[in-house]
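Q: Got a sequence here, can you build the structure:
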Amino acid sequence: MNVEKTGYKDWQEAYTLTINDMQMVVVTEVGPRVMSLSVGGGENILFNDDALEIQAGDWRIYGGHRFWISPETVVSYAPDNSACVVKQQDGVFSAMAPVAPDTLLQKRFEILEQDGKFLLRHVVRNTGTMLYQGGLWGLTCVNPTGKVFFPWGRPGNVWETKSIQYWPKWGGTHTSDVASSQWKQTSDLFVIEPTGEEGKVGTAGYEGFIGLSRPDCTFFKCFTHLEGANYPDNGCSVEAYTCSAFIELETLSPSYILYPEEEFSHAEHWFITSRTVDPYDGVAVRALCKK
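A: Residues are numbered from 1 along each chain as shown. Got it, this is the predicted structure:
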């Protein structure tokens, strides 16, 4: 993995990470945030809130990929507007945020190359003297182009079940229409064809991936689902949020109890390719995912 300090748009503190024809840009003036992801010199598939219009108090979405603590509470919206400490050692690019004053948690990204893909580790450390309970949550804002797909059942040759969770109401003002035409419950993958409506769905991601199929490329986020672990939101390790501006592809770790000076991590493998795939063809999707 090649790392170069390049800046990004109006950000001076940003780094471009390259693996073969895949390129990622990490902004470290805030966050940290992954603000750009592209393949073969193509366009950035990640949503950027350039006008800084989406915010909650002092917290700003900025766009791109961010790191939250689940479940979604006021703690999730703790501002991360300060500069990060950047380190590069033994092939690992690290960007560490300051300690959050309210929770005394400290978050960092660790990014490296593994099997020709980006391995992005979300790491949280409890720097306080009290216990803290929560999970690690990776949220990737992509432009609302293409279709989202993920498995929504427990695989099995003899006994198979499927389950999807909807959020009809949450956060006081947010809603989902469970009958929306953007939700496509196929016999294999769950597919989202965005209509611009707000909505949120989730499931137990037993197969460990969620992806985006665009006319010009395909993007995968892969992770390990831990069987029997205590996941938030009624057992969801995969979630997706839709609105008119962007779509969020989300993966979650189980809920942990962090003891003082203890840390946990949640890893995602990122893979973007100029090859395209039909999101309704589960066989082709899984074959491409394993490349």
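Q: so which helix or strand takes in Trp68?
A: Assigned by DSSP states H and E, Trp68 belongs to strand 65-70.
Q: next one: that strand to chain centre, how far?
A: Computed by Cα atoms, centre = their mean, to the nearest Å, the chain-centroid distance of strand 65-70 equals 8 Å.
Q: as a whole number, average confidence for it?
A: Regarding strand 65-70, the rounded mean pLDDT is 96.
Q: And for stretch 242-252?
A: Here the average pLDDT along stretch 242-252 is 98.
Q: Put the alpha carbons of it into PDB.
A: Backbone C-alpha positions of stretch 242-252 (Å, rounded to 0.1, in the frame of the first residue of the first chain) are rendered in PDB as follows:
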ATOM      1  CA  THR A 242     -31.300   5.800   2.800                       C
ATOM      2  CA  CYS A 243     -32.200   9.400   2.100                       C
ATOM      3  CA  SER A 244     -32.100  11.700  -0.900                       C
ATOM      4  CA  ALA A 245     -28.500  12.800  -0.400                       C
ATOM      5  CA  PHE A 246     -26.700   9.500   0.300                       C
ATOM      6  CA  ILE A 247     -27.000   5.900   1.400                       C
ATOM      7  CA  GLU A 248     -25.100   4.500   4.400                       C
ATOM      8  CA  LEU A 249     -23.600   1.000   4.300                       C
ATOM      9  CA  GLU A 250     -23.100   0.000   7.900                       C
ATOM     10  CA  THR A 251     -21.500  -2.900   9.800                       C
ATOM     11  CA  LEU A 252     -21.500  -3.300  13.600                       C
END
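Q: buried ones in that stretch?
A: Residues of stretch 242-252 classed as buried: 242-243, 246-252 (neighbour count, 16 or more other Cβ atoms under 10 Å). C-betas here are computed from N, CA, C, even on glycine.
Q: Return the residues in contact with Ala83.
A: Contacts for Ala83 (Cβ atoms under 8 Å, 6 or more residues apart in numbering) come out as 13, 28-30.
Q: how close does it sit to Trp159?
A: 52 Å (Cβ to Cβ, to the nearest Å).
Q: tell me, how many neighbours does Pro194 end up with?
A: Using other Cβ atoms under 10 Å, Pro194 has 20 neighbouring residues.
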